[in-house]
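K.L.:
turn this into a model:
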Amino acid sequence: MGLKATTATFVAAMSNVLPAITFVMACILRVEKLNLKSIRSQAKVLGTVTTVAGAMVMTLIKGPILELFWTKGRTYHEVATSGVDLHNSLKGTFMITLGCVSWSGFMILQSITLKSYPSEISLTTWICVMGTVEGGILALIMERGNPTAWAIKWDTTLMATVYTGIVCSGLAYYIQGLVMRVKGPVFMTAFYPLCMVIVAVMGSIILAEQMYLGRVIGAIVIVAGLYLVVWGLSKDN
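P.N.:
Residues are numbered from 1 along each chain as shown. Below you'll find the model as predicted:
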């Protein structure tokens with residue numbers, strides 16, 4: 001809903017604030033240890049800010065095109081985005097922010113739950129089952145009178161759906177549960193902006209997407225921020 005009222009670039013930029021939101025919520029709920037007099041706590045704060053800044057640079061700044069040897073002679077056609085209704089931009093911003101806060105809350109809640117219920121596979125099953133029930137109810141409400149929305153077609157959409165369900169939901173929830181039980185939600189969400197770096201590299205190699213100087217600088221800043229966060233958290237446990 002937020003994407004419909006804004007732009008893909010704005011959504012990507014807002015979504016990268018997730019580590020900062022998680023860090024603040026974790027400190028408020030005392031899930032994360034924070035002592036600003038300690039150099040390790042300072043590294044965690046600085047690393048989180050640096051990671052978010054690097055993600056913003058990758059999203060908002062392009063710069064000159066970098067010609068790479070694997071993209072020479074190959075063309076990539078970007079999909080044009082439609083105009084944004086400024087009247088709905090405030091609503092879209094609110095929806096995206098609410099989504100980021102909800103996702104951060106989910107991470108922290110999963111981390112707290114695993115302390116008293118240390119069974120990642122069982123918890124992942126419950127998360128997926130409840131997500132299916134809630135998503136099905138929401139789809140029935142939003143897609144009422146549209147039976148074609150439920151049709152299963154043997155195309156790339158089905159492949160993407162299956163991959164998302166098995167890998168991005170089931171496997172990812174299980175792995176992040178293993179990590180959060182040991183390192184906490186801040187460590188987990190600190191790596192989310194790294195997804196932009198991986199997508200940029202794979203898109204350049206597989207789809208011949210153009211690589212911009214801003215993306216490279218942003219990727220370097222993200223890696224530097226991640227190093228600070230990991231170093232700051234290395235002695236917490």
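
K.L.:
low-confidence ranges in this protein?
P.N.:
Scanning the chain with the threshold set as pLDDT under 70 gives 8-9, 68-88, 235-237.

K.L.:
how about the contacts made by the residue nearest in space to the middle of the chain?
P.N.:
The centroid of the chain falls nearest to Tyr192 when counting by CA atoms, centre = their mean (4.8 Å). Contacts of Tyr192 were listed using CB atoms under 8 Å, 6 or more residues apart in numbering, and they are Ser15, Asn16, Leu18, Pro19. Backbone N, C-alpha and C define where each C-beta goes, glycine included.

K.L.:
list just the nearest of those residues to Arg30.
P.N.:
Pro19 (18.2 Å; CB to CB).

K.L.:
just the CA atoms of the helix or strand where the closest one lies, as CSV, please.
P.N.:
In this structure, Pro19 sits in helix 18-28 according to DSSP states H and E. These are the backbone C-alpha positions of helix 18-28, laid out as CSV (Å, rounded to 0.1, in the frame of the first residue of the first chain):
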residue,chain,number,x,y,z
LEU,A,18,15.1,-1.1,9.7
PRO,A,19,18.5,-1.6,11.5
ALA,A,20,18.2,1.8,13.2
ILE,A,21,14.6,1.2,14.2
THR,A,22,15.4,-2.2,15.6
PHE,A,23,18.4,-0.9,17.5
VAL,A,24,16.3,1.9,19.2
MET,A,25,13.5,-0.5,20.1
ALA,A,26,15.9,-3.1,21.4
CYS,A,27,17.6,-0.6,23.6
ILE,A,28,14.2,0.7,24.9
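
K.L.:
just to revisit the earlier point, the residue nearest to the centre of the chain should be in a helix, yeah?
P.N.:
No - under DSSP: H, G, I helix; E, B strand; the rest coil, Tyr192 falls outside any helix and is assigned coil.

K.L.:
quick one: it from Ser102, how far?
P.N.:
To Ser102, Tyr192 is 15 Å away according to CB to CB, to the nearest Å.
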